[in-house]
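>>> build me a model from this:
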Amino acid sequence: MYLFYSTLESMKNEQKERNEYVAFEGGKFTIEWYFDKKGKSISLDYFESLDEAEQAKLFELMKLMGNTGVIKNETKFRNEGDKVYAFKPQPHRFLCFFVEGQKIIVTNGFHKKTDKLPTNEKERALRLKNDYEVRVKRGDYYE
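Numbers count the residues shown, from 1 in each chain. A predicted model of the protein is given here:
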């Protein structure tokens, strides 16, 4: 089953009703928020702290990636190295990684203040990626 949200509001409503990890589900990719062992998602919390216009920018990028499988414009989506990628709804960044099963996991979001990706944000994304992979392998991530 593919979920297609026509609006940002319908995505938020569906997410609350389903109480799941899924941020967007399209024909090419399912995009999920990363959640830690305590059920907290720093990426979702950051997203929810943004105003609706800023949220809509990320939603449009997720929709494009989820439905087409590609964002060719590097000012909107970019490989940051070490298998970490960034959705780039200006002036924010949402770091993520790809996993088997046509999934993208969004680990962390932040306001980008400099031209260069902050090292601590990339390191955080790598730590969360490792935690996700370990917990999935153990079988206790999606409980």
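>>> for the closest residue to F87 other than its chain neighbours, list each beta-bridge partner.
Spatial nearest neighbour of F87, excluding adjacent residues (CB to CB, 6 or more residues apart in numbering): F94 at 4.3 Å. For the C-beta atoms, the positions are set from N, CA and C on the backbone; glycine is no exception. F94 forms beta bridges with F87, G109, as assigned by DSSP bridges.
>>> F94 is in contact with L58, isn't it?
Yes: using CB atoms under 8 Å, F94 is in contact with L58, at 6.2 Å.
>>> give me the phi and psi for W33.
phi -80, psi 140 (degrees, to the nearest 10).
>>> next one: it from K116, what distance?
W33 is 25 Å from K116, where distance means CB to CB, to the nearest Å.
>>> neighbour count for those two, which is higher?
Neighbours were counted for W33 and for K116 using other CB atoms under 10 Å; W33 has more, 22 against 6.
>>> tell me the pLDDT of that one.
Predicted confidence (pLDDT) for W33: 96.
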